[in-house]
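Novice: The sequence and its predicted three-dimensional model are supplied below.
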Amino acid sequence: MQHEAEIYRVIARYMSIKYPKVIFRFDFAAGMYMSVFQSKNHKAMNPIRGYPDLFIAKPNKDFAGLFIEIKTEKGNPFKKDGQMKANEHTERQAEILEMLNEAGYLAVFGTGTDQCIKLIDEYLNN
């Protein structure tokens, strides 16, 4: 079972090789342990909770960019029937994804390395 940070590393390597001219960024600080001082500064500068893990700054014919909230297989936010599991944290993330979708981005949950890479390829190859 992969941790999110491992998924980030695989995706970063994949992007660097397959799409070297595409700008992307991970919200790496979301998973970091910080001192109280660092945590307060981070929260002051980034007040929106639930911001997605990955942003790909490349418009395609339909969207202004791609945001992916990355989940592990164990952390999959959906039940087998496709309904979202009841969880305050993922519900907040879903709200942020919806706001980003309304703003003209494609913003989705991605579960595991393979699904995230598939989402990236489909988006960039539109």
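Specialist: Yep, that arrived. Numbering: from 1, shown residues only.

Novice: which regions of the protein lie under the pLDDT threshold?
Specialist: Residue ranges of the chain with pLDDT under 70: 1, 29-32.

Novice: farthest residue from the center of it?
Specialist: Residue farthest from the centre of the chain, counting by CA atoms, centre = their mean, is Phe37 at 25.6 Å.

Novice: Can you tell me how far that one is from Asp121?
Specialist: 40 Å (CB to CB, to the nearest Å). Heads up, the C-betas are built off the backbone N, CA and C, glycines and all.

Novice: Ok, Gln115 next?
Specialist: Using CB to CB, Gln115 is found at 11 Å from Asp121.

Novice: ok, now Ala44?
Specialist: When distance is defined by CB to CB, Ala44 is 37 Å away from Asp121.

Novice: what about Gln115 and Asp121, which has more around it?
Specialist: Higher neighbour count among Gln115 and Asp121: Gln115, with 18 against 12, using other CB atoms under 10 Å.

Novice: Pull the number of nearby residues for Thr90.
Specialist: Neighbours of Thr90 (other CB under 10 Å): 20.

Novice: So what would you say the end-to-end distance of stretch 40-56 is?
Specialist: This stretch, stretch 40-56, spans 27 Å end to end (CA to CA, to the nearest Å).

Novice: same deal with stretch 26-38?
Specialist: One end of stretch 26-38 sits 18 Å from the other (CA to CA).

Novice: now the helices for the protein?
Specialist: Taking DSSP state H, the helices of the chain run over residues 4-18, 36-45, 88-102, 112-124.

Novice: ok, now which ones touch the nearest residue to Leu54 once chain neighbours are set aside?
Specialist: Spatial nearest neighbour of Leu54, chain neighbours left out: Ile68 (4.5 Å); criterion: CB to CB, 6 or more residues apart in numbering. By CB atoms under 8 Å, 6 or more residues apart in numbering, the residues touching Ile68 are Pro52, Asp53, Leu54, Ile56, Ala107, Val108, Phe109, Gly110, Cys116, Leu119, Ile120.
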